[in-house]
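Undergrad: Next one to model:
(chains A and B)
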Amino acid sequence: MVKITFEEAMKRLEEIADILEKGDQSLDDTIVLFEESNALVKFCQEKLDKAENKLQILSVDNNTFHLEPETE
Amino acid sequence: MDLSDTFETTVIYSVSEINLEIKEILETTLPPVWVQGEISNFVHHSSGHMYFSLKDPNSQISCVLWKSRNLSLHFAPTDGMKVNVLGAIRVYEKRGTYQIDVVKMLPSGIGDLQLAFEKLKKRLHEEGLFDEQYKKSIPRFPTAIGIVTSQTGAAIRDIKNVIQRRFPSTTLILRPTVVQGDGAGKDIARAIDEFNEYGQVDVLIVGRGGGSLEDLWAFNEEQVARAIFRSKIPVISAVGHEIDYTISDFVADLRAPTPSAAAELVVPDINEIQAAVSDLYLYCRKSVQRILNDYRDTLHTIKTSYGFRRPQDFINQHRQRLDELIHICSMASFHKTALIRQQLQRMQYRLTDLNPASILKRGYSICRRASDQTIIKNAVDVDVQEQISVELAQGRLTGIVTTISRE
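TA: The predicted structure follows:
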């Protein structure tokens, strides 16, 4: 799968659900779509399951950006 | 100047006339002005209109605030209160006095700031910075959120807590800023610009927790407003409490009443999304199941249709015909052999009849020329004195021809 955002994944998943509901497509297409929906669900679940992100601090030094973990 | 010199030559005004003249001069030459002073002799008349004087240590001026305008007043004016008023100078001809016809009155102190706020708000509004057409939409599922606030304030703690509860996988990037006092506006504006250069965030939250009007002031500065306006990244303004409105709120793509609320607005609740993903998955599965069943049914229908039963039927029919033919053939051949057997028998009988031996048995004999054993059928075929042999049913005779008779 090409790089895709969570938002795009959800949108595509909704699209596929609509297409499958109408059921106008061929059997081959149905299977391809279902496989795609499986991949999207997996992708979304992974995104949702990802461990929580720590806050990072943005700083600029000589026109380059640095990210550092928050010092509590 | 000696006034008596002009007495004879100039027009003599009536009181009304001179008051009218003054009125005209004052009201046409003085534009609406802001005046600061302390309220005294405040009267809220039963008619609803407010009458009072504004004074400073050296002077005072009468003011009137008509009922229609004082209804929108956000505070109760009292004697001794320092205020800023906006209004036009009006002459009250009847008494020959002038007063300020007040359009707007704000408590002073915060009044000065409020004044600046109102002026900037008006200017930016006219310039179009608040126009709906420039509002960017906030992404539904931001992957990374940039935050412009103080690293030690309540705002960042609140935002962090809410987002970690609602959508923990979101990346939060803070660009720490000074949020009040000297240089705060400049720092906030620069932070917004830096995030735009950095570019790795989907949305910005710009704000701080609650405080006095002075504390929140940086978010009313023009440079902050302009930085928000030029930001390519959508900006959520989250300053102070519910009731606090800042210029940032008007320019931002979305106004959140508080920093916590901004966090609630910026990410969806993970539980809802998880449920949505599960629903969509089940929905897809059910649809596919249904589609497969439909195909299965169709396939079954086709398989059992007349057209598809034909070949089998064809084969069966031929099989049957073949059996029939085999039967016919075997029957036929049976008859045929019987017939042939009969004929054979008949032939055998005939052959038996024709066997010369059986003829001999009936008393006939076969006569041959002795020299070459040819059968003699005609008397003339032999000569007198020629030797012949005669074959009988039993045994053989040899003799000599003595006479030949042609008859």
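
Undergrad: Which residue ranges of the chain form helices?
TA: Chain wasn't specified; assuming chain A. A:6-22, A:27-49 (DSSP state H).

Undergrad: was after chain B, sorry
TA: Along chain B, the stretches classed as helices by DSSP H are B:3-6, B:15-29, B:67-70, B:110-127, B:154-166, B:184-198, B:222-230, B:247-251, B:259-266, B:270-303, B:306-354, B:356-361.

Undergrad: Distance to residue B:90 and mean pLDDT added to these, as JSON lines?
TA: Any C-beta I mention is one placed from the backbone N, CA and C, and that applies to glycine too. Formatted as JSON lines, those follow (distance: least, Cβ to Cβ, whole Å; pLDDT from 0 to 100):
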{"stretch": "helix B:3-6", "distance to residue B:90": "29", "mean pLDDT": "58"}
{"stretch": "helix B:15-29", "distance to residue B:90": "6", "mean pLDDT": "90"}
{"stretch": "helix B:67-70", "distance to residue B:90": "13", "mean pLDDT": "86"}
{"stretch": "helix B:110-127", "distance to residue B:90": "21", "mean pLDDT": "81"}
{"stretch": "helix B:154-166", "distance to residue B:90": "47", "mean pLDDT": "92"}
{"stretch": "helix B:184-198", "distance to residue B:90": "38", "mean pLDDT": "95"}
{"stretch": "helix B:222-230", "distance to residue B:90": "33", "mean pLDDT": "95"}
{"stretch": "helix B:247-251", "distance to residue B:90": "32", "mean pLDDT": "95"}
{"stretch": "helix B:259-266", "distance to residue B:90": "45", "mean pLDDT": "94"}
{"stretch": "helix B:270-303", "distance to residue B:90": "60", "mean pLDDT": "86"}
{"stretch": "helix B:306-354", "distance to residue B:90": "101", "mean pLDDT": "79"}
{"stretch": "helix B:356-361", "distance to residue B:90": "174", "mean pLDDT": "77"}
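
Undergrad: could I get the ones you listed as a markdown table with mean neighbour count?
TA: Below are the helices of chain B laid out as a markdown table (neighbours: other Cβ atoms under 10 Å in any protein chain shown):
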| stretch | mean neighbour count |
| --- | --- |
| helix B:3-6 | 8 |
| helix B:15-29 | 12 |
| helix B:67-70 | 14 |
| helix B:110-127 | 15 |
| helix B:154-166 | 20 |
| helix B:184-198 | 20 |
| helix B:222-230 | 21 |
| helix B:247-251 | 24 |
| helix B:259-266 | 24 |
| helix B:270-303 | 14 |
| helix B:306-354 | 10 |
| helix B:356-361 | 12 |
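
Undergrad: mind checking which of the ones you listed is nearest residue B:91?
TA: helix B:15-29 (3.7 Å; Cβ to Cβ).

Undergrad: Which elements pack onto that closest one?
TA: Judged by 3 or more Cβ pairs under 8 Å, 6 or more residues apart in numbering or on different chains; DSSP states H and E, helix B:15-29 is in contact with strand B:82-92.

Undergrad: What angle do helix B:110-127 and the strand it packs on make with each other?
TA: Counting by axes from the mean of the first three to the mean of the last three Cα atoms, to 10 degrees, strand B:82-92 lies at 70 degrees to helix B:110-127.

Undergrad: Measure how far strand B:82-92 is from the centre of its chain, please.
TA: 58 Å (Cα atoms, centre = their mean, to the nearest Å).

Undergrad: Let's have the helices of chain A in CSV, adding mean neighbour count, mean pLDDT and distance to residue B:24.
TA: Converted to CSV, those look like this (neighbours: other Cβ atoms under 10 Å in any protein chain shown; pLDDT from 0 to 100; distance: least, Cβ to Cβ, whole Å):
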stretch, mean neighbour count, mean pLDDT, distance to residue B:24
helix A:6-22, 17, 85, 66
helix A:27-49, 16, 84, 74
